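**Student:** need a 3D model of the following:
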Amino acid sequence: MLADYGASFRERSQGPGGLTAQEFHFGEFTLDQSSYRLLRGARLLRLEKLPMELLILLVERRGELVSREEIAERLWGKDVFVDLDHGINTAIRKLRLVLRDAPEKPRFIETVVGKGYRFAAPVICKNGASNSQEPPLPAPVEVSPEATTGSAKRGFGSLYRRVLLGGVAVLALLALALLQIRTRGAKGTTQSGINSLVVLPLKNLSGDPAQEYLADGITEELIGRLSNIHGLRVISRTSAMQFKDTRQSVPDLARALHVDAVVEGAVIREGSQVRVTVQLVRGATDDSVWAEQYQREYRSILALQEEIARTIAGQIKINLTPQERGILASTRTVDPEAHEDYLKGRYFSNQRTEDGLNKSIVYFQQAVTKDPSYALAYSGLADAYALLGYRGHLLSKKALLEAKAAALKAVELDDTLAEPHASLAFIAETLEWNWPTAEREYKRALELNPGNARAHNWYAGYLMYVGRFDEGIAEAKLARELDPLSLPINNALAGRLLVAGRYDEALAQLRETLEMDPHFAPAHNRLGWAHLQMGQHDEAIQEFRKAIELSGTDDPDLLLDLGFACAVVGKKDEARRILASLKRQHERGLVPSGAIAVLYGALGDRNKAFAWLEKAYDEHDPELTYIKVGPRFDPLRQDPRFQEVLHRIGLS
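**Tutor:** Below is the predicted model:
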């Protein structure tokens with residue numbers, strides 16, 4: 001396998017005249033292919049394998065557009081269960097960081113919105129020896145000093161952070177790791193003091209990228225189980241996944257996430273066997289608190305996940321309620337093939353794209369067909385349909401009714417799962433406008449799993465919709481604490497602050513969000529609303545346009561907000577053009593009636609606005625969920641008919 005890797009590396013490095021290009025120089029950097037290293041001047045820079053591969057690809061194609069599809073195939077191959085958008089964005093971010101390249105003023109890597117990337121800097125190639133003298137093979141794991149030497153202090157942790165290829169090497173290193181674990185674990189402290197932790201994405205050491213979904217699935221299950229504990233703050237999946245394949249030290253990572261401890265590990269699947277190695281490391285000192293290696297039949301993977309979660313809870317010496325002990329102790333018997341479908345469904349669902357959600361539904365449905373008593377698969381199905389309905393990719397009512405049926409089945413099979421209760425709450429508020437049921441279900445979800453960031457975020461929205469601003473903002477901040485690197489959760493907090501009229505705090509929160517990703521279109525859209533509500537009309541229009549440009553699509557929601565802003569600042573002709581476009585999309589079932597009502601209201605045509613509001617009411621358009629507090633409805637609030645609509649929806 002190492003020889004194959006080196007051969008493929010040489011094939012893509014051919015320079016002019018058949019010579020092998022061993023070095024590329026750009027700016028102050030040297031990319032040395034023969035040693036698989038990147039240098040700034042004489043200094044060796046840390047760069048992980050995937051960003052290094054991406055850099056090589058971009059430099060080879062310098063000046064040309066490299067599509068995201070080409071990048072995905074180069075880095076992961078075809079038919080691999082990986083969150084490709086997240087993976088590419090992470091690799092680009094790490095590459096820009098090491099190159100000191102600013103996305104807004106790029107020296108090296110230009111973003112072609114919605115298409116891919118281009119290496120823009122001049123490159124000088126230095127060719128190697130003639131064809132008869134083959135260059136030395138690159139060292140596949142030598143992308144940073146730590147990758148080859150490790151640290152005596154990190155012991156096991158650095159072992160599985162290397163790129164391990166070949167089954168024999170993997171098993172030998174894991175055997176050595178186990179010996180080091182037990183030696184190191186014996187020196188661990190007996191006093192915990194651990195009140196918060198992050199579960200890093202487990203490494204897939206199977207030598208098969210297609211098994212990535214298994215490692216991520218076990219990671220997500222551990223996060224979900226540990227987040228059920230009330231006295232423990234567990235960083236949510238979205239933020240944890242930002243550190244996939246990280247080379248940050250444990251103390252640095254713990255400081256960044258404000259956690260006391262880190263859980264890290266590795267997974268190998270060989271036929272019907274699965275081997276999982278896990279350790280709990282104290283964040284401040286990088287000392288091991290506990291570590292262990294497990295080998296089980298794959299069909300018992302659920303029981304293994306539960307055992308690991310229970311053991312970690314015991315090691316941190318936290319007092320558990322009887323309910324928490326029951327949840328951690330529960331072991332479900334699930335058909336192994338159904339569980340595999342479930343894990344693949346979660347993979348695609350976590351991509352949060354229309355295509356990903358539709359694929360996830362196929363896998364969840366396969367899972368419940370194979371095992372009709374599998375509550376988690378019904379819960380996943382409910383989540384996927386709910387997100388599709390909310391995004392408007394399907395007729396909202398149809399999708400949300402499918403979500404409700406799946407969530408009710410999940411609760412019927414297992415009432416201790418928090419996720420279907422959160423889905424039922426979301427449906428009760430969005431589709432049914434049944435506010436008491438929504439609050440009851442949100443509270444039940446958070447009682448079962450107080451560490452569920454999405455449930456806190458959704459409940460924050462509910463509290464804002466009914467006018468309980470202080471409570472809503474408090475819940476939104478809890479969601480951010482649990483998922484500090486989630487762009488949607490950070491952006492949602494800014495929106496809650498805007499609705500409450502706390503403009504300075506909202507702007508500060510938006511600055512933080514855009515620091516994480518300057519190209520995050522929803523944050524620019526939210527910034528447009530901030531400027532609009534503060535009377536800064538030119539800046540508002542500019543941000544709304546930027547959001548549409550960055551999205552790379554004709555998103556009806558973003559277009560609606562631009563149309564609204566144009567209408568209220570006097571650009572009526574442009575607003576009417578946008579209205580005509582939205583009405584055409586409405587005829588194709590792509591835009592709900594509430595959006596048309598909003599734009600007529602902004603243009604001052606109240607009679608048409610209320611006629612379309614009536615249609616939206618009949619459709620149970622989710623747009624009306626925001627009617628009590630949403631700024632889109634501000635132009636209609638003084639009309640007596642508005643209070644009647646609020647009353648019918650239950651929000652008067």
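**Student:** okay, now the unreliable bits of the protein?
**Tutor:** 1-21, 78-83, 127-192, 320, 323-332, 391-395 (pLDDT under 70).
**Student:** wait, what's in contact with the residue positioned nearest the centre of it?
**Tutor:** Nearest to the mean C-alpha position of the chain, by C-alpha atoms, centre = their mean, lies Thr238 at 4.1 Å. By C-beta atoms under 8 Å, 6 or more residues apart in numbering, the contact set of Thr238 is Ala453, Asp483, Leu485, Ser486, Ile489. In short, each C-beta sits where N, CA and C put it, glycine included.
**Student:** the second one reaches Ala453, doesn't it?
**Tutor:** Yes: taking contact to mean C-beta atoms under 8 Å, the distance of 3.9 Å between Asp483 and Ala453 places them in contact.
**Student:** what do those two both touch?
**Tutor:** The contact sets of Asp483 and Ala453 overlap at Ser236, Thr238, Ile489 (C-beta under 8 Å, 6+ apart).
**Student:** which of these lies closest to Val591?
**Tutor:** Set against Val591, the nearest of the shared contacts of Asp483 and Ala453 by C-beta to C-beta is Ile489 (26.3 Å).
**Student:** that closest one touches Glu481, doesn't it?
**Tutor:** No: Ile489 is beyond contact range of Glu481, at 9.7 Å (criterion: C-beta under 8 Å).
**Student:** so between the two, which is more surrounded?
**Tutor:** Ranked by neighbour count (other C-beta atoms under 10 Å), Ile489 and Glu481 place Ile489 first, with 25 against 17.
**Student:** which element, helix or strand, includes the more buried one?
**Tutor:** Using DSSP states H and E, the element containing Ile489 is helix 487-499.
**Student:** list phi and psi for Ala611.
**Tutor:** Taking degrees, to the nearest 10, you get phi -60, psi -40 for the backbone angles of Ala611.
**Student:** list the contacts of it.
**Tutor:** When contacts are counted by C-beta under 8 Å, 6+ apart, Ala611 touches Ala597.
**Student:** related to what we said a few turns ago, in whichever helix or strand comes after the helix holding Ile489, what counts as buried?
**Tutor:** Later in the chain than helix 487-499, the nearest helix or strand by DSSP H and E is helix 503-516. Neighbour counts over helix 503-516 (16 or more other C-beta atoms under 10 Å) mark Glu505, Ala506, Leu507, Gln509, Leu510, Glu512, Thr513, Leu514, Met516 as buried.
**Student:** try stretch 289-305
**Tutor:** By neighbour count on 16+ other C-beta under 10 Å, the buried set for stretch 289-305 is 289-294, 298, 300-305.
**Student:** hmm, which two among these are most spread apart?
**Tutor:** Among the buried residues of stretch 289-305, Val289 and Tyr298 lie farthest apart (C-beta to C-beta), at 28.1 Å.
**Student:** so Val276 lies in a strand, does it not?
**Tutor:** Yes: assignment of Val276 by DSSP: H, G, I helix; E, B strand; the rest coil places it within a strand.
**Student:** just the terminal-to-terminal distance for stretch 593-611.
**Tutor:** 10 Å (C-alpha to C-alpha, to the nearest Å).
**Student:** buried set for it?
**Tutor:** 593-603, 605-606, 608-610.
**Student:** narrow those residues to those in helices?
**Tutor:** 593-602, 606, 608-610 (DSSP state H).
**Student:** of the buried residues of stretch 289-305, which belong to helices?
**Tutor:** Those of the buried residues of stretch 289-305 lying in helices (DSSP H): Ile301, Leu302, Ala303, Leu304, Gln305.
**Student:** and which of these is nearest Lys477?
**Tutor:** Gln305 (30.1 Å).
**Student:** separation between the closest one and Arg588?
**Tutor:** 44 Å (C-beta to C-beta, to the nearest Å).
**Student:** next: Glu623.
**Tutor:** Separation of Glu623 from Arg588 (C-beta to C-beta): 17 Å.
**Student:** show me how this structure divides into domains.
**Tutor:** Here the domain parsing of the chain from automatic domain parsing is 2-127, 150-331, 338-572, 573-652.
**Student:** among those domains, which is the most enclosed?
**Tutor:** Most buried of the domains of the chain, by mean neighbour count (mean count of other C-beta atoms under 10 Å): domain 338-572, with a mean of 21.
**Student:** start to end distance for stretch 240-259?
**Tutor:** 12 Å.
**Student:** how about residues contacting it?
**Tutor:** Contacts of stretch 240-259 (C-beta under 8 Å, 6+ apart): 46, 48-50, 83, 86-87, 90, 144, 146-147, 154, 157, 161, 196-201, 216, 219, 223, 233, 235, 239, 260-262, 281, 283-286, 484-485.
**Student:** 7 Å - rerun?
**Tutor:** Applying C-beta atoms under 7 Å, 6 or more residues apart in numbering, the contact partners of stretch 240-259 are 46, 48, 50, 86, 90, 144, 146, 161, 196-201, 223, 235, 239, 262, 281, 283-284, 286, 484-485.
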